[in-house]
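In: below are the sequence and a predicted model for it; my questions follow.
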Amino acid sequence: MAKAKTLAGAAAVIAASAMLTSCAPEAQLSPLERARGVNQSKHVGKLFAGEPEVVDDVLGIKTTKLFFPTSETLVLSDTSVEAQLRAASIAVITNAPMMVYDPARHAEYVQMIADMRTVNVLTVGDVAIAPSKGAVSVQRDPGGLRALEQMTALRYRERTVATPQEAVREVSELHQREPMWLRAQWADPAVLPASNPEPFPIQSRRDANMAPRVVATWESSIPSVANARSYGADVTVVPLTDPRKSEQTLFAMAGLAERPLVALGSHFGTSEELAGRIQEAEAAF
């Protein structure tokens, strides 16, 4: 009996030692190596480029085309930050693309609606498109918390955004399963006549956990960040665009110099420049 206990104890010690040994290499990884491992472990869909891609997208047009080749719904806002925050709040929870309306490009929006086979458009704020019924239904947001709940049949909470500079980070933290109205402290969006809280459909999620790493800064556009979140991608807001000048930025991009990565805004440089900077930052770490 004593011999059996001794053998059992020895086996336990050997097993524990083996477990510690197998964990040791991972524990010895540097922060950069750990970041590379996490970033490279993600499987990305074929919809996206196989290398870093800088998307300069002030109006949300390019990211709509990137993340939503087709979409039955679309949210259009005016250029004010308060309207963009509300539009993003609606777009993310309904899994819809969002764009900022520029009257000078009206024909382009019409063509995109046709190309995406969109049938429901919601305008937020002072968007000069009249409500209509037909092949494409256009409705105006009447503003307020109650209207959000009536349009989506969901119970929203409200979060105050103190300054425009906080807008991108707040949008990046919106969750598709947590209805949240990001309400600007300084103003509410304009409400135009003929605004009624009609139902606005919720689409199915697109991501299926196959979105690329997406990075942004506070200077990135609200609609571009909202479109990434509506698709289901996590958006990392980094302090600087250059990974050579910020460890946080480097860790967000580590291992992705030749892999899918979407950077939102021309301030990240060109796609080629960003890839080169990632390589230089990793070499110098």
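Out: Noted; the coordinates are in hand. Numbering: from 1, shown residues only.
In: which residues of the stretch 151-285 of the chain score low on pLDDT?
Out: Low-confidence segments of the stretch 151-285 of the chain (pLDDT under 70): 208.
In: please repeat the previous calculation with a cut-off of 90.
Out: Counting by pLDDT under 90, the ranges of the stretch 151-285 of the chain that qualify are 176, 204-210.
In: so who does Asp126 touch?
Out: 78, 80, 83, 189-190, 192 (CB atoms under 8 Å, 6 or more residues apart in numbering). In this view, the C-beta of every residue, glycine as well, is placed from N, C-alpha and C.
In: and the gap between it and Thr152?
Out: Computed as CB to CB, to the nearest Å, the Asp126 to Thr152 distance reads 22 Å.
In: go on, Leu256?
Out: 35 Å.
In: between those two, which one's more packed in?
Out: Leu256 (24 against 18; other CB atoms under 10 Å).
In: so that one sits right up against Asn39, yeah?
Out: Yes. Taking CB atoms under 8 Å as the definition, Leu256 is a contact partner of Asn39 at 5.5 Å.
In: intersection of neighbour lists for these two?
Out: Arg213.
In: now do Ala128 against Glu108, distance only.
Out: Noted for Ala128: a distance of 15 Å to Glu108, by CB to CB.
In: so Ala114 sits in a strand?
Out: No. With DSSP: H, G, I helix; E, B strand; the rest coil as the criterion, Ala114 is located in helix rather than a strand.
In: who's in contact with it?
Out: No contacts exist for Ala114 under CB under 8 Å, 6+ apart.
In: tell me the spacing between it and Glu273.
Out: From Ala114 across to Glu273, the span is 35 Å (CB to CB).
In: let's see if you can find the most crowded of the contacts of Asp126.
Out: The most neighbours of any of the contacts of Asp126, using other CB under 10 Å, belong to Ala83, which has 27 neighbours.
In: element containing that residue?
Out: helix 81-94 (DSSP states H and E).
In: which neighbouring elements make contact with that helix?
Out: strand 73-77, strand 98-100, strand 120-124, helix 145-152, helix 167-172, strand 180-184, helix 222-231 (3 or more CB pairs under 8 Å, 6 or more residues apart in numbering; DSSP states H and E).
In: again, only this time at 6 Å
Out: Where contact means 3 or more CB pairs under 6 Å, 6 or more residues apart in numbering; DSSP states H and E, helix 81-94 is packed against strand 73-77, strand 98-100, strand 120-124, helix 167-172, strand 180-184, helix 222-231.
In: could you export the ones you listed as CSV, including mean neighbour count and distance to Asp242?
Out: CSV is the format used below for the helices and strands packed on helix 81-94 (neighbours: other CB atoms under 10 Å; distance: least, CB to CB, whole Å):
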stretch, mean neighbour count, distance to Asp242
strand 73-77, 27, 31
strand 98-100, 28, 27
strand 120-124, 25, 34
helix 167-172, 23, 18
strand 180-184, 20, 29
helix 222-231, 29, 19
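In: indicate which one of the ones you listed is closest to Lys245.
Out: helix 167-172 (19.5 Å; CB to CB).
In: doesn't Glu53 make contact with Val262?
Out: Yes. Applying CB atoms under 6 Å, one finds Val262 in contact with Glu53, separated by 5.4 Å.
In: more crowded one of those two?
Out: Val262 (26 against 18).
In: now do the contacts for that one.
Out: Val262 sits next to 53, 212, 214 when contact means CB atoms under 6 Å, 6 or more residues apart in numbering.
In: and the next element down the chain from the helix or strand hosting it?
Out: Applying DSSP H and E as the criterion places Val262 in strand 261-264. As assigned by DSSP H and E, the chain's next helix or strand after strand 261-264 is helix 271-284.
In: buried sites along that following helix?
Out: Judged by neighbour count (16 or more other CB atoms under 10 Å), helix 271-284 contains these buried residues: 271, 274-275, 277-278, 281-282.
In: looking at the residues you listed, which one is closest to Leu66?
Out: Using CB to CB, the buried residues of helix 271-284 come closest to Leu66 at Ser271, 13.1 Å.
In: my read is that that closest one contacts Val54, right?
Out: Yes. The pair Ser271 / Val54 is scored as a contact, 4.8 Å apart, by CB under 6 Å.
In: if I look at the closest residue to Val168 other than its chain neighbours, how far off is Ala83?
Out: In this structure, Val168 finds its nearest non-sequential neighbour in Trp218, 5.0 Å apart by CB to CB, 6 or more residues apart in numbering. Distance, Trp218 to Ala83, using CB to CB: 18 Å.
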